[in-house]
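> model this:
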Amino acid sequence: MRKAFLALLLAASVTPALGQEKTVDLKISHWVPASHPLQKALEDWGAAVEKESGGTIHYKVYPAQQLGKAFDHYDMARDGIADVTYVNPGYQPGRFPIIGAGELPFLMSNAKGGSMGLDAWYRKYAEKEMKDVKYCLAFIHSPSSFHSRTKKIVVPADIKDMKIRPADATIANFVTLLGGTNVQSSAPEVRDIIERGVADAVTFPWGSLVLFGIDKVTKYHMDAPLYVTTFVFVMNKDVYNQMSDRQKKAVDDNCNTEAAGRVGEPWGKFEDAGIDKVRAEEGQEIYKLTPEQTAQWKTAAEPLVKTWADGVKKAGADPDAALTELRASLAKYNALAQ
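A predicted model of the protein is given here:
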């Protein structure tokens, strides 16, 4: 009898704990084509979470804006339209000023280290700047520059009177500063606006240039590490909070700086391979900058730091400390541009 009673007590204590661990089906949304390396990165992320949750978390990746427009992906995670989303914070200028430090020109040298350095630095700031969601990780693509349909862009003065689709809010400010006009569009729309003459040029990474067919409507390509774009994975808070401890751990173990490197590295390799593809195409002109020309660009970009700093101050953070910390983090991961 005593053994039977103890068995009943044990069952009573275990059953509720097991009952709390409900199966979770994650909707993971992004806005680039399924052929983009991000698709596999998100599939790998979902598979890792599923495995580490003991199979209690399932996932499905929705590419190519199936669940909503590129510009809306942060709010989609906040509002539960999707559970995990891929966000370009620079698509909404002024909303996420702190992470905008990663967009400052001539700052980062490579995708893997840049992703890890950015993520490690941004974690404490994300708690405030992206408090509507569960922040997962941040990453970048490989450094890139201008691709133009109409003329070579060699020095900052060449931007004057050009219509340019910028990659992010910082490049948009740069274009305005140099006398150009910004044309806003998401990545999937870029080829069309250049083909129709709505824009003359774009800032875009090399591999994606080919993937989106933008190489078919551009001719002149600057080969310089002018900029990178920052990205984040974020998650709906309610979905995360309702998970069991084991499920939360499965997510947390894939929402860290090492995971940021795992996302950034293969995408970086994909983008880096694009330059040779463009070079092999007939009629394309790829050119490097001289040291003197590079110095002109760096000087022209200096006001962008002040603009970024002003936005950070309004957000209640210390821009000098933040930028110093970011540079140190990038140096730690061997990704600080020289």
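> after the host helix or strand of residue 271, next one along is what?
If you go by DSSP states H and E, residue 271 is part of helix 257-279. The helix or strand immediately downstream of helix 257-279 is strand 285-287, counting by DSSP H and E.
> what residues sit buried inside the next helix or strand after that next one?
Next along the chain after strand 285-287, taking DSSP H and E as the criterion, comes helix 291-314. For helix 291-314, burial by neighbour count (16 or more other Cβ atoms under 10 Å) applies to 293-294, 296-297, 300-301, 304-305, 307-309, 311-312. Where you see a C-beta, it was placed from the backbone N, CA and C, and this is true even at glycine.
> ok, now stretch 240-259?
Across stretch 240-259, burial judged by 16+ other Cβ under 10 Å covers 240, 243-244, 247, 250-251, 254-257, 259.
> could you dump those into CSV with distance to residue 163, pLDDT and secondary structure added?
Converted to CSV, these look like this (distance: Cβ to Cβ, whole Å; pLDDT from 0 to 100; DSSP: H, G, I helix; E, B strand; the rest coil):
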residue, distance to residue 163, pLDDT, secondary structure
240, 42, 98, helix
243, 47, 98, coil
244, 52, 98, coil
247, 48, 98, helix
250, 46, 98, helix
251, 42, 98, helix
254, 41, 98, coil
255, 39, 98, coil
256, 41, 98, coil
257, 38, 98, helix
259, 38, 98, helix
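> stretch 56-74: how far from the chain's middle?
In terms of Cα atoms, centre = their mean, to the nearest Å, the centre of stretch 56-74 is set 15 Å apart from its chain centre.
> of the buried residues of stretch 240-259, closest to residue 215?
residue 259 (31.0 Å; Cβ to Cβ).
> can you get me a residue count around residue 216?
A count of nearby residues for residue 216, using other Cβ atoms under 10 Å, gives 12.
> same question for residue 215.
Residues near residue 215, counting by other Cβ under 10 Å: 20.
> so it makes contact with residue 281?
Yes: between residue 215 and residue 281 there is a contact under Cβ atoms under 8 Å: 6.3 Å.
> much appreciated, bye for now.
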